[in-house]
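Student: here's my sequence, what's the structure:
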Amino acid sequence: MKLISFDLKADFAFFRKPDTNATINLSYNIIHRPAILGILGAIIGLDGYKEKGIMPQYYEVLKDVKIGIEPLNHDKGNYTKTNIKYSNTIGYANKGTNFLTEELTLVNPVYRIYLLLSEEDVYQNQLVDNIKTGCAEFIPYLGKNEFTAWWNSDSYKEYHFSNNEIPKESVRICTIFQKETVLKNNVETPFPDLLNFDNTESPYIYFERLPMDFDLSLMQYNLSEFAFSNYQIKNAQTLENLFFVNELNAYVQML
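Tutor: Numbers count the residues shown, from 1 in each chain. A predicted model of the protein is given here:
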């Protein structure tokens, strides 16, 4: 297995929340795993959605790839947002009246995307080659096709990593991580018991409920609670899929 990362950016991004009202559409603040799978599919030229109720090729090929997400250039986990208004005056779309809608759009988001890839998989090897050289078969975008995404080839990094037993002392996790109450070794660990509040400069904790995967029977997102913080994390043994990265002297959660 190979652990790599690259820094994905765009001038704007809009990851639409499905549970918003008809006039003001809200965006997830942090890019989520299903969106990243689509971007990875575009990078190596896999097909997208073609038929209702059938998952696209990129999902079937890449669904098992482990992904970690680290927001960059943020304000304590948050990105600047701007409200963009759209109007549609086409008669058949709005029954003869102007249809107005608004989207709360992210400004200049940057995310460090970590990927745990198999060197024996043809598609995943192609991902490594394309990301390393800054090439994409299809143009990737952050949520909407007018928000073109890109990365510089010099942001590509490879890491030495391990997933051995996690030490009992507090550790740093530089990616977002799942914050749900975890039951492990018959011990329930609520989220506040994961934080070490000592010796942290300008501390922050950011929470967001993000899509984790797809419910294939309902064809909708499965949501999960995530956190992002510069606090040291104690009791990290209760968190799943943590990998220690030598070059970062920290952990990443790969889901």
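Student: so, low pLDDT: which residues of the stretch 151-255 of the chain?
Tutor: 180-193, 195-201 (pLDDT under 70).
Student: show me what contacts the nearest residue to residue 226 once chain neighbours are set aside?
Tutor: The shortest distance from residue 226 to any non-neighbouring residue, by CB to CB, 6 or more residues apart in numbering, is to residue 176 (4.7 Å). Bear in mind the C-beta positions are built from the backbone N, C-alpha and C, glycine included. Contact partners of residue 176, counting by CB atoms under 8 Å, 6 or more residues apart in numbering, are 30, 68-71, 208, 210, 226-228, 253.
Student: with neighbour count added, can I get these in a markdown table?
Tutor: Formatted as a markdown table, the contacts of residue 176 follow (neighbours: other CB atoms under 10 Å):
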| residue | neighbour count |
| --- | --- |
| 30 | 23 |
| 68 | 27 |
| 69 | 25 |
| 70 | 21 |
| 71 | 22 |
| 208 | 18 |
| 210 | 22 |
| 226 | 22 |
| 227 | 20 |
| 228 | 24 |
| 253 | 22 |
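Student: pull the most distant pair out of these.
Tutor: 68 and 208 (15.4 Å; CB to CB).
Student: one step back: and which of the contacts of residue 176 is nearest residue 143?
Tutor: Once CB to CB is applied, the member of these that ends up nearest residue 143 is residue 30, at 11.9 Å.
Student: for residue 42, helix, strand, or coil?
Tutor: Counting by DSSP: H, G, I helix; E, B strand; the rest coil, the backbone at residue 42 sits in helix.
Student: test my guess that it contacts residue 136.
Tutor: Yes: when contacts are counted by CB atoms under 8 Å, residue 42 is listed as touching residue 136 (6.0 Å).
Student: count of neighbours near residue 135?
Tutor: 12 (other CB atoms under 10 Å).
Student: please identify the helix or strand for it.
Tutor: Using DSSP states H and E, residue 135 falls within no helix or strand.
Student: any idea how far it lies from residue 119?
Tutor: 19 Å (CB to CB, to the nearest Å).
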